[in-house]
Every structure is written in structure tokens, then in C-alpha cells.
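> Pasting a predicted model and its sequence here:
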Amino acid sequence: MKIVLDARFWRRETGGIGRYSRELLHGLLALKTDDQFDVILTPKDAEEFAVRDKRVTPHVVEVGHYSVAEQTKLPGILAALSPDLTHFLNFNQPLWYAGKRVTTIHDLTVKYFPVGRSQRDPIRRFAFNQIMARAAHSDGVIAISRSTKSDIIRDLKVEPTTIRVIGEAAGQEFAPLTPAEASSFRKRATSGRPYILFVNQWRPHKGLPELVRAFEQLKQHHKLPHQLVITGRASPHFPELAQAIEHSPVRADILTPGFVSDEDLPSYYAAADVLAFPSYYEGFGLGVLEAMQSGTPVVCSEVSSLPEVAGGAALFVEPGNVAGLTSALYRVLSDDKLSRQLRQLGIEQAAHFSWTKTAEQTYALYRTLAA
């Protein structure tokens, strides 16, 4: 088969969709088939594209996400490649593309939690809804969780039988550290102090304001020695998040290392005493799985996809409930037996997911549609 992958989210700064794009291609290549893969990239993606395989041909195009060029220019680029199948690795795609296509829909965040003028403007929101509806009626639709599948069926009016649930996974680089390795990393990252970790985007619906308030309560009422490490970058759309951190009475104990490299991220997970993941909505919640595979206890919200990803290996809280989040974090940080139990359960839960399985199931869908 000749397969086109629209991988314009390849670069690391795009977060989970970028990781999905990279891991999926590597997994497909590991299947050792003789299929040919044409990979669509933007110039920024091309800077990080290091795949060297005779079956892979990169194509660098000046076509941004959700742009006019995506609707006018991209269809011709795809048609010229004459693929047997095109896989859009996110829902954004040309409305009038006529080729056979698979679309991965990670979540409906754009619909539920629009960001900035481009997503809140009525005309643009209409366009987003049209594109998402078109994506949901692809020849094959991949939802990365049962929760996302339910969202698609309910809000995009799609027949359940057309949607395959194919989950994500944590990469092999996420693994526990020895006590000595964890101590060494903490000396470098937090001056040796224990810490609570947050790995997610800086958006209000990710529960960051509530986490900052919960951390303040932990410091003020329980006198814990921990710091709070918030990875990622502040968003210009939500200046109130950065302000909440800057004006916090425990600001000296909040670390914001910025965008963490792929080389350091596994150590940030594995050396943490707990991952806090108080999101209001997730299509999958990859950070939960990465922490679990790293042997780190998890406290997360009991909403959307998180219960199916975490299984019985996390402490669950109601999103927006600061008191509940504070209590759950304190339980993990003050109860060594509970912490050890969550570490072991998390490792066992993470073992149910693998990128190899993701690639195999995705390729099986390709074969079915191509036939």
C-alpha cells in the first residue's frame, strides 16, 4: 500500500498529538511491511523529523493547521501523491478531499473548551464544527478512548460501528529510576527536594488553578517539604494562570522549568512523589500512563477517559474540588504504604497499553479499508 500520513503535528511542542504521530510511524515501520509512507510535514515539523527509512518520503508543505491553505492547497498535494489511503492524524483536514481516508479524533476539546479568537469566533466555530463533522464521517475513524468514541457518537451523530477504539501508550523510555538515580535527578531539578508534578497544557480546564490552591493548602496546613513542578509554557490566551502562580503565597516553592525535553521528561516523572492530573476533560490522558509506567503514584480526575486509562491504579477526585484534591495528594504523600501500592498498581496498569499494539491495530484498519 501507499499510505499518506498527515503529520503536521509532528514537532514536540504540539504535545500529545505530536507524540502520537511519532510513535505511530515508528510502530508502523517496525511491522516490517513493504508499504510506502508519504509523510506530510510543516517546515517546523521538518526541523525535528529524523526518520531515515527507504519506505518513508517526507513532504514539507506551507500548510498550517486550520488554515485556508489546508482547504485550498492540501487537497491538490494529497491527490498528486495518489495514495491508496490517507491517514489524518488529527481531525483537521480538507472538507472536499475525496480520497479514501482514516481520521484519528483525539478528543472534542475544540468543541467543549474553545481557545482564543480563532476558536471562539462564531464563523470560525462554524467552520471547526463542519470540519470535525466531516472528519467523523471518514472511511475509518479512530478514537483513542472509549470516552472519545462516546463523545463522537453523541455530539457528531456517527454510527458506533464506524469507529475503532485504538488507545495510546507510554514509550519505553518511561520507567522507574533507582533511589540513587532519583536522588541525583532531584538534586539537579529541585535542589534535592521532593516534589509534586504537573505535566499538561496551561489551560483552565486542565485544573491548574485548582492545583495551585491545593498546593497552597498543603504547604499552609500540613507543612510538607514538597515543591510543585509545573512543566510546559504559559499560554497568552490565559494570563490568569501565570498570575495565579506569581501571586501565590507559596510562590518560592513552585517551579516552572518550561518546556521539558524528551530526554528529561522521563526523569521528571520517575523522581516525582506524585503526579497531579486534575483535568476537567481528556481524550486519553497520556501523562497519567507515562507517570504510572515510571512508577509514580497518580491523583487524577474521575472524568472522561481518565478512569479507563488509570483503571484502579490511581486516586480519583472530582474536578474543581480543591479540598478533595488537597486531601488525595496528602494521603499519597503521607502514607508510604498507599504510595507503594499505587506505584505497583500503576506499573501493572500501564503494561496493558503499548505502541506496538496501537500500530498493529491501526495497520489492520488500513488493510481492511484498502481491501
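Arrived safely. Numbers count the residues shown, from 1 in each chain.

> how many neighbours does F277 have?
26 (other CB atoms under 10 Å). Every C-beta, even on glycine, is put in place using the N, C-alpha and C of the backbone.

> need the contact list for it.
With contact taken as CB atoms under 8 Å, 6 or more residues apart in numbering, F277 is in contact with 198-200, 207, 285, 287-288, 291, 298-301, 306.

> So which of those is the closest to S327?
V299 (9.7 Å; CB to CB).

> so is the closest one in a helix, a strand, or just coil?
Three-state assignment for V299 (DSSP: H, G, I helix; E, B strand; the rest coil): strand.

> coming back round to it: please spell out the ChimeraX selection for the buried subset of the contacts of F277.
Selection of buried members from the contacts of F277 for ChimeraX, criterion 16 or more other CB atoms under 10 Å:
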select :198,199,200,207,285,287,288,291,298,299,300,301,306
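
> which of the contacts of F277 lies closest to A79?
Using CB to CB, the contacts of F277 come closest to A79 at G285, 36.4 Å.

> And the strands in the protein, which stretches?
2-6, 36-41, 56-60, 85-88, 101-105, 140-143, 163-165, 195-198, 227-231, 254-258, 274-277, 298-301, 315-317 (DSSP state E).

> okay if I get those as a markdown table plus distance to R22?
Formatted as a markdown table, those follow (distance: least, CB to CB, whole Å):
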| stretch | distance to R22 |
| --- | --- |
| strand 2-6 | 11 |
| strand 36-41 | 11 |
| strand 56-60 | 12 |
| strand 85-88 | 14 |
| strand 101-105 | 13 |
| strand 140-143 | 16 |
| strand 163-165 | 21 |
| strand 195-198 | 22 |
| strand 227-231 | 19 |
| strand 254-258 | 21 |
| strand 274-277 | 22 |
| strand 298-301 | 24 |
| strand 315-317 | 30 |
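
> hang on, the earlier thing: with respect to Q172, which of the contacts of F277 is nearest?
Q172 lies nearest to A291 out of these, by CB to CB, at 15.0 Å.

> Make sure the closest one is actually in contact with A272.
Yes: if you go by CB atoms under 8 Å, A291 and A272 touch, sitting 7.4 Å apart.

> anything in contact with each of those two?
Here A291 and A272 share the contacting residues L197, scored by CB under 8 Å, 6+ apart.

> returning to what we had before: distance to T231 and pLDDT added to the contacts of F277, as JSON lines?
Converted to JSON lines, these look like this (distance: CB to CB, whole Å; pLDDT from 0 to 100):
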{"residue": "F198", "distance to T231": "7", "pLDDT": "98"}
{"residue": "V199", "distance to T231": "5", "pLDDT": "96"}
{"residue": "N200", "distance to T231": "8", "pLDDT": "94"}
{"residue": "G207", "distance to T231": "14", "pLDDT": "96"}
{"residue": "G285", "distance to T231": "15", "pLDDT": "94"}
{"residue": "G287", "distance to T231": "9", "pLDDT": "96"}
{"residue": "V288", "distance to T231": "15", "pLDDT": "98"}
{"residue": "A291", "distance to T231": "12", "pLDDT": "98"}
{"residue": "V298", "distance to T231": "15", "pLDDT": "98"}
{"residue": "V299", "distance to T231": "16", "pLDDT": "98"}
{"residue": "C300", "distance to T231": "16", "pLDDT": "98"}
{"residue": "S301", "distance to T231": "18", "pLDDT": "98"}
{"residue": "L306", "distance to T231": "19", "pLDDT": "98"}
